[in-house]
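*Asks:* how would this look folded up:
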Amino acid sequence: QVQLVESGGGLVQPGGSLRLSCAASGSIFSIYAMGWYRQAPGKQRELVAAITSGGNTNYADSVKGRFTISRDNAKNTVYLQMNSLKPEDTAVYSCYADRAVVVGTIDEYDYWGQGTQVTVSS
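*Replies:* Numbering: from 1, shown residues only. Take a look at the predicted model:
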């Protein structure tokens, strides 16, 4: 089993910054990609950013130039630096691990964190 623990959410004023962290724990052999989705009330869940183990990144158009995703493969941890935050960034942000393989197995599974609230408001 793999567990994902997120941290770093909170309340911030428009134009401010937050840094989210997500650490994957367990007997992990590999994780293909890690990233963040978000869901605001009344809206569909959307991919915010993702990063592969090789460092390839993908961002939603709405966050390009403001958010930066990074990853520490040795620690199985992914970070999301969010700058120039806007009220429309308010959502629950959930971390995910794509195609994770546990030591001693060959099966790939996806895992999700519990989510962390990000609120951008004055």
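*Asks:* which residue of the protein sits farthest from its center?
*Replies:* residue 104 (26.3 Å; CA atoms, centre = their mean).
*Asks:* how close does residue 5 get to residue 116?
*Replies:* Separation of residue 5 from residue 116 (CB to CB, to the nearest Å) stands at 10 Å. Yep, even glycine has a C-beta here, placed from its N, CA and C like the rest.
*Asks:* who has more neighbours, the two?
*Replies:* Taking other CB atoms under 10 Å, residue 5 and residue 116 do not tie; residue 116 has more neighbours (22 against 14).
*Asks:* can you count the residues close to the residue nearest to that one when sequence neighbours are not counted?
*Replies:* Residue nearest to residue 116 in three dimensions, not counting chain neighbours: residue 9, with 3.3 Å by CB to CB, 6 or more residues apart in numbering. For residue 9, the neighbour count with other CB under 10 Å is 19.
*Asks:* Contacts only, for residue 9.
*Replies:* Residue 9 makes contact with 18, 20, 93, 116, 117, 118, according to CB atoms under 8 Å, 6 or more residues apart in numbering.
*Asks:* That one and residue 59, how far apart?
*Replies:* 19 Å.
*Asks:* Please apply the same query to residue 25.
*Replies:* Distance, residue 25 to residue 59, using CB to CB: 26 Å.
*Asks:* now do residue 114
*Replies:* Relative to residue 59, and taking CB to CB, residue 114 is found at 23 Å.
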